[in-house]
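**Q** Quick one: sequence plus predicted model below, questions after.
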Amino acid sequence: MTSPTPKVGDWYQTLEGATLEVVAMDPDDMTIEIQYFDGAIEEYDQETWEELELRPAEPPEDWSGSLDLMPEDYGVDQDHPAGEQHADPLGEIEGEE
């Protein structure tokens, strides 16, 4: 099995289940730079890429993997929406209250 032709922005999954995105390609050096969902970056030459057993994958719904964030780091309480306590920061600048 050969890996699909890489394209910047495409996501793939390894046999072990790790997801990765092609983030750069250098046609002069014939290298492919990838970033795993957890943020790790690797570079492969064309021959090594073709030996990897990858399959196309959908981008993850949770964008925070490569940023090393936990849900509590998002700065919002997802169980309690802001509701009427939400303040409009532009309102203060524009003189509204």
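**A** Received it, and whenever you're ready, just let me know what you need.
**Q** Tell me the helices and strands packed up against the longest strand seen in the chain.
**A** Taking DSSP state E as the criterion, the chain has its longest strand at strand 19-26. For strand 19-26, the elements it packs on are strand 11-13, strand 31-36, judged by 3 or more Cβ pairs under 8 Å, 6 or more residues apart in numbering; DSSP states H and E. Placement of C-beta: from N, CA and C, glycine included.
**Q** ok, now with 10 Å
**A** strand 11-13, strand 31-36, strand 41-45, helix 46-51, strand 55-57 (3 or more Cβ pairs under 10 Å, 6 or more residues apart in numbering; DSSP states H and E).
**Q** who does it pair up with?
**A** strand 11-13 (antiparallel), strand 31-36 (antiparallel) (DSSP bridges).
**Q** burial of W49, as a residue count?
**A** As a burial measure, W49 scores 21 neighbours (other Cβ atoms under 10 Å).
**Q** for it, what are its contacts?
**A** By Cβ atoms under 10 Å, 6 or more residues apart in numbering, the contact list for W49 reads 2-6, 22, 25, 30-32, 34, 43.
**Q** could you flag which of those residues are buried?
**A** If you count burial by 16 or more other Cβ atoms under 10 Å, the buried members of the contacts of W49 come out as 3, 6, 22, 25, 32, 34.
**Q** how about the fourth one, what does it touch?
**A** Shown here is M25, whose contacts under the criterion Cβ under 10 Å, 6+ apart are 6-8, 31-34, 46, 49.
**Q** re the thing from before, among the strands paired with strand 19-26, which is nearest P56?
**A** With Cβ to Cβ as the criterion, P56 lies closest to strand 11-13 of these, at 6.1 Å.
**Q** and the strands paired with strand 19-26 as a markdown table, adding distance to P60?
**A** Converted to a markdown table, the strands paired with strand 19-26 look like this (distance: least, Cβ to Cβ, whole Å):
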| stretch | distance to P60 |
| --- | --- |
| strand 11-13 | 8 |
| strand 31-36 | 11 |
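**Q** follow-up on the earlier one: need the max-distance pair from the buried ones among the contacts of W49.
**A** Distances among those were taken as Cβ to Cβ; the most separated pair is S3 and M25, at 13.5 Å.
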